[in-house]
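Q: got a sequence here, can you build the structure:
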Amino acid sequence: MRARRGLRFALGALVLASAVGSFPNRGAGDDEKKEAKFIGAASCKKCHLKQWKSWKETKMAKAFELLKPDQAKAAKEKFKLDPAKDYTKEERCVRCHTTGYGEPDGYPKLEKITTDADKKLASEREGVQCEVCHGAGSLYNAYKLEHEKDYDAAKGKSFGLTTPDAKGKSCLVCHHGGADGSPTLSADVEFEAEKKMKEDGAIHVHVKK
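A: Take a look at the predicted model:
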């Protein structure tokens with residue numbers, strides 16, 4: 001009898017241990033393991049109004065508008081693009097003229113924009129917004145709001161906060177020519193990130209040397 005009880009106890013302990021092991025650890029670094037989501041420039045505006053106003057006047061902020069029919073006609077004709085065509089329906093174009101294309105809470109993939117909620121989210125992620133350069137902000141934004149008095153920039157980086165460097169590695173995702181790149185850029189021309197950011201009026205961007 002005692003042997004049976006001991007066996008039942010051992011089996012019960014094993015099941016309990018397995019169940020506990022199946023739950024995620026809620027340890028110190030748990031938030032860093034979560035997938036960051038896009039929150040949009042409107043969320044950044046709450047704490048960075050000056051920077052938001054600066055960005056709002058840039059070509060980056062208005063990038064989505066350029067894809068619409070009869071916009072930037074001269075530039076499109078120069079590069080043999082059809083000025084009358086609606087390029088907001090072209091994935092190759094939309095992925096670089098929006099924020100977080102196909103990513104969590106980013107601009108939805110074109111084929112998935114089927115509901116009013118999808119359309120609303122898409123409208124909120126139009127243009128090249130803050131998070132294209134600084135990373136999806138749900139985690140580092142939450143961290144900063146929780147630590148306004150003792151904010152640690154290094155910790156912010158651990159939550160996905162990024163800052164473009166002078167070489168503009170994050171810019172090159174879209175600012176390159178060739179078969180898979182921009183139709184307005186030559187494959188053999190180097191993109192000068194720092195120069196372009198200054199020309200575009202993105203004066204809030206802190207470029208590291």
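
Q: how much space between residue 189 and residue 126?
A: 27 Å (Cβ to Cβ, to the nearest Å). Where C-beta positions appear, they are placed from N, C-alpha and C, glycine not excepted.

Q: domain ranges for the chain?
A: Using automatic domain parsing, the domain ranges for the chain come out as 41-60+130-209, 62-127.

Q: spatially nearest residue to residue 61 (excluding sequence neighbours)?
A: Leaving out its chain neighbours, the residue that sits closest to residue 61 by Cβ to Cβ, 6 or more residues apart in numbering is residue 127, at 4.9 Å.

Q: actually residue 183, not the one I typed
A: residue 79 (5.7 Å).

Q: re earlier: neighbour count: residue 189 and residue 126, which is higher?
A: residue 126 (21 against 10; other Cβ atoms under 10 Å).

Q: the more buried one contacts residue 100, doesn't it?
A: No - in this structure residue 126 lies outside contact range of residue 100 using Cβ atoms under 8 Å: 11.1 Å.

Q: so what sits against both of the two?
A: Between them, residue 126 and residue 100 share these contacting residues under Cβ atoms under 8 Å, 6 or more residues apart in numbering: residue 107.

Q: lowest mean pLDDT among the helices and strands of the protein, which one is it?
A: helix 2-22 (a mean of 40; mean pLDDT, DSSP states H and E).

Q: my read: residue 81 touches residue 183, true?
A: Yes - contact criterion Cβ under 8 Å: residue 81 and residue 183 qualify, at 6.4 Å.

Q: and those two? Which one has more around it.
A: Counted by other Cβ under 10 Å, residue 81 and residue 183 do not tie: residue 81 has more neighbours, with 16 against 13.

Q: how close does the residue nearest to residue 61 get to residue 84?
A: Counting by Cβ to Cβ, the gap from residue 127 to residue 84 is 22 Å.

Q: between the two, point out the one with more neighbours.
A: Taking neighbours as other Cβ under 10 Å, residue 127 and residue 84 compare with residue 127 leading, 22 against 9.

Q: any idea how far residue 144 is from that one?
A: 23 Å.

Q: before we move on, the earlier item: closest one to residue 35 among the domains of the chain?
A: domain 62-127 (6.0 Å; Cβ to Cβ).

Q: endpoints of the closest one, how far apart?
A: Terminal residues of domain 62-127 lie 6 Å apart, using Cα to Cα, to the nearest Å.

Q: mean confidence for it?
A: Average pLDDT, domain 62-127: 96.

Q: now stretch 154-164
A: 89.

Q: for that stretch, which positions count as buried?
A: 156, 159-161, 164 (16 or more other Cβ atoms under 10 Å).

Q: one more: stretch 140-157?
A: Quick answer for stretch 140-157 (16+ other Cβ under 10 Å): 140-141, 143-144, 156.

Q: adding distance to residue 198 and secondary structure, write those out as CSV.
A: Compiled in CSV, these are given as follows (distance: Cβ to Cβ, whole Å; DSSP: H, G, I helix; E, B strand; the rest coil):
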residue, distance to residue 198, secondary structure
140, 26, helix
141, 27, helix
143, 30, helix
144, 27, helix
156, 25, helix
